[in-house]
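Asks: pasting a predicted model and its sequence here:
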Amino acid sequence: MAILNFGKRITSGFGLRLIRRNAMGQRSMLVIFAASVLFGSILPLGNAVGQSAKDVVGSYTLVSVANVQDGKKYEPYGPNPKGMMRLENNGRYVVVLIRPDLPKLASNDRNAGTLEEYKAIALGSFFHLGTYTVGDGHIIFRLENVSFPNWNGQEQKRKLTVTGDELKYEVGSTLGGTSTLVWKQIR
């Protein structure tokens, strides 16, 4: 490390190069600082723009599912839905949604339920699994296996917002309208 003597005038050599580098470094730092202030105030906080798959890896518990159709909002999995989402660092995922008030089968036999019991269970539970990527403010699910088989093999791009330990995305619902799912990361 060189110690500069400011009492002497440096006109050439290592000291001048060090001063020039320091001035260039300060200019670079000023440009970086100005850009961060400018872009930090333009980009919305909590947006998934700039998020990558590694930023969302983890386990999440379901907070809410709200569906809006024809201007009307309802909760297809009830006011206290249960669910889990796991986003792996290898790009694999699983999502499980379930109503906490699913009916028990009166027969206590999975093969001997009534049509009403089976319908309530089918409409009150949902899963999908496959691979995912994150980019440009979206999470993209490549659906390999889905409890709604019409979605098997599809790729679905969903608007993504991440704020702290909350992850939220929107999806065209199998029930019609648009559903917004809110998840909280399990730490």
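Replies: Noted; the coordinates are in hand. Bear in mind that the values here come from a model prediction, so they are computed numbers and not experimental data.

Asks: use CA for all of it now, contacts and neighbours both
Replies: Fine.

Asks: and R92, how many neighbours?
Replies: R92: 16 surrounding residues under other C-alpha atoms under 10 Å.

Asks: so who does it touch?
Replies: By C-alpha atoms under 8 Å, 6 or more residues apart in numbering, the contact set of R92 is 129-132.

Asks: would you mark the buried spots in the helix or strand where I121 lies?
Replies: Using DSSP states H and E, I121 falls within helix 115-123. Within helix 115-123, the residues that count as buried by 16 or more other C-alpha atoms under 10 Å are 118, 121, 123.

Asks: was I right about the second one contacting P103?
Replies: Think I121. Yes: here I121 reaches P103: they are 7.1 Å apart, a contact under C-alpha atoms under 8 Å.

Asks: give me the below-cutoff pLDDT ranges for this protein.
Replies: 1-51 (pLDDT under 70).

Asks: can you give me the strands in it?
Replies: 58-69, 72-74, 82-87, 92-98, 125-135, 138-146, 155-163, 166-172, 178-185 (DSSP state E).

Asks: nearest approach to R110 belongs to which of these?
Replies: Checking the strands of the chain against R110 by C-alpha to C-alpha gives strand 125-135 as the closest, at 15.3 Å.

Asks: spatially nearest residue to the residue nearest to the spatial centre of the chain, not counting backbone neighbours?
Replies: Among the residues of the chain, the one closest to the centroid is L167, at 4.6 Å (C-alpha atoms, centre = their mean). Excluding the flanking residues, the one nearest L167 by C-alpha to C-alpha, 6 or more residues apart in numbering is W183, at 5.1 Å.
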